[in-house]
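could you work out the structure for the sequence below:
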Amino acid sequence: MDFTGKVVLITGAGNGIGRATSLGFATRGATVVVVDHDKAAGEATAGIIRQQGGQAMFVAADVTKSADVQAYVKATVDAYGKIDCFYNNAGIEGSVATTAEYDEDMFDRVMAVNVKGVFLGMRHVLPVMIKQGFGSVVNTASVAGLVASPGMPAYVASKHAVIGLTKTAAGEVGRSGVRVNAVCPGPIDTRMIHSLEAMLNPDDPNAVGARYQQNIPIGRYGTAEEVANLVIFLSSDLAGNITGAQYVVDGGRTATGGAVTNNLVK
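Take a look at the predicted model:
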């Protein structure tokens with residue numbers, strides 16, 4: 001999986017899975033365009049890549065705004081002439097509340113970032129890839145795009161939508177030499193899962209974490225690097241026959257329906 005000479009564009013690259021994936025591509029020779037709304041975090045990711053001898057450029061953007069998305073795409077093409085891989089990753093978790101009580105403004109915000117942001121990313125990147133005749137897009141969905149997660153109606157709806165967008169786009173651009181896939185992480189040891197722990201039990205978030213991890217067959221949260229490895233594989237020539245697919249990386253949680261597993265399911 002050598003990405004020497006390839007240009008990789010990544011949104012939500014300031015922290016967590018986005019940063020881990022940015023570093024993973026860079027260590028394999030890619031030039032990375034780091035996109036994030038958080039300027040300090042995005043610049044930090046680009047700085048780490050450069051400190052390690054790689055090439056990186058940071059572009060600040062709000063992925064819910066078409067003008068910002070057009071700007072990060074234009075900046076990439078102006079600087080490097082192409083986009084080989086696009087990791088459409090930016091997303092937020094929203095709040096925890098039942099559907100009957102969920103805040104409407106928060107619902108709109110989650111859908112704007114997680115669905116419209118993903119749509120706009122593909123809306124402006126795909127024409128570049130179609131014109132050049134090659135490219136790989138990976139969208140960040142979630143296991144919440146495959147199964148319910150009570151108390152997170154906006155997040156679940158948004159991630160189901162990402163999978164739908166992924167399949168639709170893949171069917172549209174397959175003969176153009178462009179592939180579109182999605183990754184579906186389970187609980188990953190990043191800010192997002194710890195934010196959810198604190199929302200569910202502000203007095204003892206660690207108890208929530210312990211319960212969550214007990215329900216994962218491998219007995220722990222995944223790491224951002226483990227998700228990054230999957231994204232990098234799907235973006236590589238090794239995955240040339242894979243498009244319109246969603247890949248779960250969740251330590252077996254959805255396979256067992258969230259059952260507690262210690263050799264025997266109890």
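
need the nearest residue in space to residue 240, chain neighbours excluded.
Distances taken as Cβ to Cβ, 6 or more residues apart in numbering place residue 179 nearest to residue 240, at 7.6 Å, with adjacent residues excluded. No exception for glycine: its C-beta is placed from N, CA and C like everyone else's.

what helix or strand is that neighbour on?
Assigned by DSSP states H and E, residue 179 belongs to strand 178-185.

what's that strand packed up against?
helix 117-132, strand 135-140, helix 153-173, helix 224-235, strand 246-249 (3 or more Cβ pairs under 8 Å, 6 or more residues apart in numbering; DSSP states H and E).

buried ones in the first one?
Within helix 117-132, the residues that count as buried by 16 or more other Cβ atoms under 10 Å are 117-122, 124-126, 128-130, 132.

related to what we said a few turns ago, what helices or strands is whichever helix or strand comes after the strand holding residue 179 leaning on?
The first helix or strand that comes after strand 178-185 along the chain, using DSSP H and E, is helix 191-200. The contact analysis (3+ Cβ pairs under 8 Å, 6+ apart) places helix 191-200 against helix 205-214.

mind listing what's buried along the helix it packs on?
So for helix 205-214, counting by 16+ other Cβ under 10 Å, buried means 205, 208, 209, 212, 213.

the domain parsing of the protein - what is it?
Domain assignment for the chain, taken from automatic domain parsing, gives 7-186+223-251, 187-221.

any idea which of these is most buried?
Burial of these is given as mean neighbour count (mean count of other Cβ atoms under 10 Å); domain 7-186+223-251 ranks first at a mean of 20.

give the rounded mean pLDDT of it.
The pLDDT scores in domain 7-186+223-251 average 97.

now do it: distance from first to last residue.
The stretch domain 7-186+223-251 measures 30 Å between its terminal residues, going by Cα to Cα, to the nearest Å.

contacting residues for residue 114?
91, 92, 155, 158, 159, 161, 162 (Cβ atoms under 8 Å, 6 or more residues apart in numbering).

tell me if I'm right that residue 115 and residue 164 touch.
No - Residue 115 lies out of contact with residue 164 (Cβ atoms under 8 Å); the separation is 9.4 Å.

ok, the residue nearest to residue 240 - contacts?
Residue 179 sits in contact with 135, 136, 137, 170, 234, 239, 240, 242, 243, where contact means Cβ under 8 Å, 6+ apart.

before we move on, what about residue 94?
106, 107, 109, 110, 152, 154, 155.

my read: the first one touches residue 153, true?
Same thing as residue 106. No - applying Cβ under 8 Å as the test, residue 106 and residue 153 come out as separate, 10.1 Å apart.
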